[in-house]
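Enquirer: missing the sequence, but the structure's below:
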Ligand code: BTN
């Protein structure tokens, strides 16, 4: 008899052979999985524990925003690491995580044209956001000593049930595939991919070549918010350190941080889920 999948059995995603996701800790509700993951670094064997929640009361997005997700629908997970990454490669952690998210989601939705929108959003071919990543790091003497990788994937969230301002710029794997997503199975794929990406980064094999091939922004005309002001230009590619190369009216610039707030073709994008 085939084994019925159990949506509540998150331990299906654990694999003792991995460093990341050796085990999984599930919370029906938590403040932020990133905070809990960070705290696990103080515990024996806490590194790499996958902290999953069905609901977050204080979910965080990038640039100080919140992360909205109805309970029991999407995949929200964080892992904390003491990465053994050479300082010059530490800025690539976000792209490594984005490639892992893309691998896992593309296995579920292979024809959705999933791609990475710099710095590390996962979007479908139309630029609708499927997943976001929040990396929180601690640096000491120029070295990355702690990193929390927090990932939110829109799994079983119907666009009909999204608030209007999110529905206009986001989608979900269920909507892209037309069927329900087995979240623990998705998590298992994600943790395997993330474990592989981090190992590669630690070996000095950064993700930049594959990130270039997976970049959604390549060749598009964009506006990018740099905090105080916005620059407009044509995306020329990614620099080896993960910065975005943009040709502007004033010349070529490399942006280490920023937020794409508008894409001229095919459609404007919002600033967050
Ligand atoms: C973004 O696109 O702005 C990043 C969103 C990251 C959301 C995830 S959900 C799991 C983890 N816990 C958090 O509080 N945030 C991340």
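Expert: Cool, got the structure. No experiment lies behind these values; they were computed from the predicted model shown.
Enquirer: for the rest of this, base every contact and every neighbour count on C-alpha atoms.
Expert: Fine.
Enquirer: helices or strands next to the helix or strand residue 35 falls within in the packing?
Expert: Using DSSP states H and E, residue 35 sits in helix 33-40. Under the contact criterion of 3 or more Cα pairs under 8 Å, 6 or more residues apart in numbering; DSSP states H and E, helix 33-40 touches strand 50-53, strand 75-81, strand 143-153.
Enquirer: the same query, at a cut-off of 6 Å, please.
Expert: Contact here means 3 or more Cα pairs under 6 Å, 6 or more residues apart in numbering; DSSP states H and E; on that basis helix 33-40 packs against strand 75-81.
Enquirer: near the ligand, anything from the strand it packs on?
Expert: Yes: interface with the ligand: strand 75-81 contributes 76-78 (Cα under 6 Å from any ligand atom).
Enquirer: out of those residues, who has the most neighbours?
Expert: Most neighbours among the residues of strand 75-81 next to the ligand, by other Cα atoms under 10 Å: residue 76, with 30 neighbours.
Enquirer: if we can go back for a sec, quick check, nearest of the residues of strand 75-81 next to the ligand to residue 261?
Expert: residue 76 (24.1 Å; Cα to Cα).
Enquirer: what sits closest to the closest one if chain neighbours are left out?
Expert: residue 152 (4.5 Å; Cα to Cα, 6 or more residues apart in numbering).
Enquirer: hmm, that neighbour is touching residue 73, no?
Expert: No: Residue 152 lies out of contact with residue 73 (Cα atoms under 6 Å); the separation is 11.0 Å.
Enquirer: and these two? Which one has more around it.
Expert: Neighbour totals were compared for residue 152 and residue 73, and residue 152 leads with 23 against 18 (other Cα under 10 Å).
Enquirer: that older thread, who does the residue nearest to residue 76 bridge with?
Expert: Judged by DSSP bridges, the bridge partners of residue 152 are residue 76, residue 132.
Enquirer: what sits against it?
Expert: Contact partners of residue 152, counting by Cα atoms under 6 Å, 6 or more residues apart in numbering, are 75-76, 131-132.
Enquirer: so which of these is the closest to residue 170?
Expert: residue 131 (8.7 Å).
Enquirer: so that closest one sits against residue 122, correct?
Expert: Yes: under the criterion of Cα under 6 Å, residue 131 is in contact with residue 122, at a separation of 5.0 Å.
Enquirer: ok, the residue nearest to residue 154 when sequence neighbours are not counted - contacts?
Expert: Excluding the flanking residues, the one nearest residue 154 by Cα to Cα, 6+ apart is residue 172, at 4.6 Å. Shown in contact with residue 172 (Cα under 6 Å, 6+ apart): 130, 154-155, 157.
Enquirer: how about residue 245?
Expert: 235-238, 253-254.
Enquirer: so how far is stretch 244-251 from its chain's centroid?
Expert: Stretch 244-251 has its C-alpha centroid displaced from the chain centroid by 26 Å (Cα atoms, centre = their mean, to the nearest Å).
Enquirer: could you look up the SS state of residue 130?
Expert: Here residue 130 is recorded as strand under DSSP: H, G, I helix; E, B strand; the rest coil.
Enquirer: the one 5 residues further on too?
Expert: The three-state assignment at residue 135 reads strand, by three-state DSSP.
Enquirer: burial count for it?
Expert: Neighbours around residue 135, by other Cα under 10 Å: 19.
Enquirer: got it, and residue 24?
Expert: 23.
Enquirer: how near is the residue nearest to residue 154 to residue 156?
Expert: 6 Å (Cα to Cα, to the nearest Å).
Enquirer: cool, residue 44 as well?
Expert: 34 Å.
Enquirer: who's more crowded, the two?
Expert: Each of residue 44 and residue 156 has its neighbours counted (other Cα under 10 Å); residue 156 has more, 21 against 7.
Enquirer: I figured that one was touching residue 176, is that so?
Expert: No: Residue 156 is beyond contact range of residue 176, at 10.1 Å (criterion: Cα under 6 Å).
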